[in-house]
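Student: okay, here's the prediction I keep looking at, along with the sequence it came from:
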Amino acid sequence: MQKSPIHPFSATIMAWYVEHQRELPWRQTKDPYAIWLSEIILQQTRVAQGLPYYERLLAAFPTVRDLAEAPEALLLRLWQGLGYYSRARNLQKAAQMVMRDFAGDFPRTYDEIITLPGVGPYTAAAIASFAFNEAKAVVDGNVFRVLSRVFEVETDIVSSSARGVFTSLAQSLIPSEDPAGFNQSIMEFGALQCTPAPDCSVCPLRVSCAAFSASRVAELPVKSKKTKVKEIQMDYLVIEQKGQLLVRERTENGIWKGLWEFYLIEGSLEWLPFPRQTLKSPPVHQLSHRKINCEAWHVQVPDNFDLEIPAGYGWMSPTEFESKGKPVLLLNLITDNLDCPILQDISPAYL
DNA sequence: AAGTCGGGGAC
DNA sequence: GTCCCAGACTT
């Protein structure tokens, strides 16, 4: 088998990487479990935001067995504040699959790794290359940006064909000698040098970058879609009786599944004949796909009143509620109303 | 192919 | 305000 010479692009970014790489903990290990954990955390998440979660989760669950056997509620509490909570649920499903289907030994090939829930083409390529040096090119947001500019690829990165186009290109550039180094290099290059608004004056690819030569750096990559934001209302009653709170787990599919919340007002609340004290409303909770307006009230139910418990809800002590994962919206609600005594007993800390 | 799913940082 | 981040899953 003939060894193809390394492409100038690959040589340049890999040399750049040697000089400019950040020291990140998941780059110091070959443990596929730790690498997998880091990749799930970093999906659609900046390094700075994910880093403390990686340290904390790896300390709490040092092995895939520890993760597989953990209570899901604990995992979601540790994931609190990171968002995309299905990542955490899939993470544990995958850990249990590794224990059951792979005898506790993390799968070693791209084709096996991608069968794990929560692991798609990007993550499987990342794990296979970083942990096992399999020559599978990663394609993430950084790779779209770098390759679209350097080679002036105008394929809309939102289109269904984009992944195939960019994967083929990246795969043609990956050197068989060091797939892991190439993958790390191109992503780090996109994260630090070829950023959305780059400083091309210090770029080592300046002379060979097609977009720079054509003064089209700002136009690439092409991305057509713009997500529209729906505005919704979520009002809460902090219902208290005998030092307990009326709360529930969000079990339905959708936003915040697996997290816990106070009594959510969906329609009218005529069923509750008690005075309410207005709580300070958190500012508008802005998500990438939702704009959530929130109002909240505190209700003290007399000890001797036999309240009819709404379906799905139950009484819980503030201490136990603290141990559950909660949306940041609720953490903000708690933080903003610490003059309400029962809310003082719920630590609003993320970590 | 389009929609859903969080939260936050950079500009 | 806009963009997008080491994307994957559902419909």
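Tutor: Here it is on my side, so go on. Numbers count the residues shown, from 1 in each chain, chains lettered A, B, ... in the order given.
Student: buried residues, stretch A:193-202. List them.
Tutor: A:193-194, A:198 (16 or more other Cβ atoms under 10 Å). Where you see a C-beta, it was placed from the backbone N, CA and C, and this is true even at glycine.
Student: double-check residue A:309 against residue A:248; I have them as touching.
Tutor: No - assessed by Cβ atoms under 8 Å, residue A:309 is found out of contact with residue A:248, at 10.0 Å.
Student: SS state for residue A:108?
Tutor: With DSSP: H, G, I helix; E, B strand; the rest coil as the basis, residue A:108 sits in coil.
Student: quick check: it touching residue A:132?
Tutor: Yes - at 5.3 Å, residue A:108 and residue A:132 qualify as touching, with contact defined as Cβ under 8 Å.
Student: residue A:290 versus whichever residue of the stretch 151-300 of chain A sits closest to DNA strand B, what's the distance?
Tutor: Nearest residue of the stretch 151-300 of chain A to DNA strand B (Cβ to the nearest atom of the strand) works out as residue A:160 at 2.0 Å. Here residue A:160 is placed at a distance of 25 Å from residue A:290 (Cβ to Cβ, to the nearest Å).
Student: so those two - more neighbours on which side?
Tutor: Set residue A:160 next to residue A:290 and count neighbours by other Cβ atoms under 10 Å: residue A:290 wins out with 13 against 7.
Student: I'd say the more buried one and residue A:255 touch.
Tutor: Yes - with contact defined as Cβ under 8 Å, residue A:290 reaches residue A:255; the gap is 7.0 Å.
Student: residues touching residue A:265, list them.
Tutor: With contact set as Cβ atoms under 8 Å, 6 or more residues apart in numbering, residue A:265 has these partners: A:235-237.
Student: list phi and psi for it.
Tutor: phi -80, psi 110 (degrees, to the nearest 10).
Student: quick check: neighbours shared by residue A:108 and residue A:132?
Tutor: residue A:32.
Student: ok so, going back, please identify which of residue A:309 and residue A:248 sits among more neighbours.
Tutor: Shown here are residue A:309 and residue A:248; by other Cβ under 10 Å, residue A:248 has more neighbours (17 against 11).
Student: and the longest helix for chain A?
Tutor: Assignment by DSSP state H gives helix A:86-101 as the longest helix of chain A.
Student: are the next helix or strand after that helix and DNA strand C in contact anywhere?
Tutor: Sequence-wise, the next helix or strand downstream of helix A:86-101 (DSSP states H and E) is helix A:110-113. No - using Cβ under 7 Å from any atom of the strand, helix A:110-113 never reaches DNA strand C; the gap is at least 9.7 Å.
Student: for whichever residue of the stretch 251-351 of chain A sits closest to DNA strand C, what are its contacts?
Tutor: Minimum separation of the stretch 251-351 of chain A from DNA strand C (Cβ to the nearest atom of the strand) falls at residue A:288, amounting to 4.9 Å. Residues near residue A:288 by Cβ under 8 Å, 6+ apart: A:227, A:229.
Student: residue A:189 against residue A:142, yeah?
Tutor: Yes - in this structure, residue A:189 is within contact of residue A:142 by Cβ under 8 Å, at 7.3 Å.
Student: higher neighbour count, the two?
Tutor: Set residue A:189 next to residue A:142 and count neighbours by other Cβ under 10 Å: residue A:189 wins out with 26 against 18.
Student: with adjacent residues omitted, what lies nearest to that one?
Tutor: Nearest residue to residue A:189, sequence neighbours excluded (Cβ to Cβ, 6 or more residues apart in numbering): residue A:13, at 4.8 Å.
Student: could you check the pLDDT of that neighbour?
Tutor: pLDDT for residue A:13: 98.
Student: okay, buried residues for the helix or strand hosting residue A:19 please.
Tutor: Element membership for residue A:19 (DSSP H and E) is helix A:8-20. Neighbour-count burial for helix A:8-20, counted by 16+ other Cβ under 10 Å, picks out A:9-10, A:12-14, A:16-17.
Student: and DNA strand B, which of the residues you listed reach it?
Tutor: Of these, not one also sits near DNA strand B (Cβ under 7 Å from any atom of the strand).
Student: and which of those residues is nearest DNA strand B?
Tutor: Nearest to DNA strand B out of those is residue A:16 (Cβ to the nearest atom of the strand; 18.6 Å).
Student: in contact with that closest one, which residues are there?
Tutor: Contacts for residue A:16 (Cβ under 8 Å, 6+ apart) come out as A:185, A:189, A:193, A:204.
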